[in-house]
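In: Have a look; sequence and predicted model below, questions after that.
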Amino acid sequence: MCGAACGVALFAGLGCARVDPSRHDPVEGSLREADQGDAAAQYEMGVRIAGSPESAPDYTRAAGWFHRAADQGHAGAQAALAFMYHRGQGVTPSDIEAVKWLSLAAASQNAPEHEAYAVWREWIARQMTPADVAEGDRLARAWRGSR
């Protein structure tokens, strides 16, 4: 099972390399873009908050940023949010929600990691009842239908 260090590695490895070197203050710039609805910036803020080396990570705040980006279809944020639901970090633990978000992330063909998300979804699903997996899949379909 993946520990907290793995979670930080997961966030660090999910594509947060979009920092613009021309910015004077990249954190402030990311926050401004995130507040304006930029899904990539919202994801980046979640990664920075969840993997903060200066202080204890604020998983609740990170989950909020990931959720905002995930709701816009950002596959990395969907996977990060799934991880948080699976681990109960910043959110109420729910493998049903983890399956939902991983199903959505895996369906994103433009995300290079989509196959890894599918494998991870199946790993979590094997630990669940068929009814709970079906509920996670139903929630993913409902989310897609609402877009």
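Out: Yes, it's here. Residues are numbered from 1 along each chain as shown.

In: Spit out the contact partners of Leu31.
Out: Residues counted as contacts of Leu31 (C-beta atoms under 8 Å, 6 or more residues apart in numbering) are Ala41, Met45. Yep, even glycine has a C-beta here, placed from its N, CA and C like the rest.

In: Which element, helix or strand, includes it?
Out: Per DSSP states H and E: Leu31 is located in helix 26-35.

In: Show me the shaky parts of this structure.
Out: The chain contains residues with pLDDT under 70 at 1-29.

In: Mind doing that once more with 50?
Out: When residues are selected by pLDDT under 50, those of the chain lie in 1-26.

In: longest single helix anywhere in this protein?
Out: Once the chain is assigned using DSSP state H, the helix that runs over the most residues is helix 130-145.

In: how close does the residue positioned nearest the centre of the chain get to Pro130?
Out: What sits nearest the mean C-alpha location of the chain, by C-alpha atoms, centre = their mean, is Ala80, with 2.3 Å. Between Ala80 and Pro130 the distance is 26 Å, computed by C-beta to C-beta, to the nearest Å.

In: Following the chain onward from the helix or strand in which the residue nearest to the centre of the chain is found, which element is next?
Out: Using DSSP H and E, Ala80 sits in helix 75-87. Of the helices and strands lying after helix 75-87 in sequence (DSSP H and E), the nearest is helix 95-106.

In: got the angle for that following helix vs helix 75-87?
Out: 160 degrees (axes from the mean of the first three to the mean of the last three C-alpha atoms, to 10 degrees).

In: Cheers, nothing more for now.
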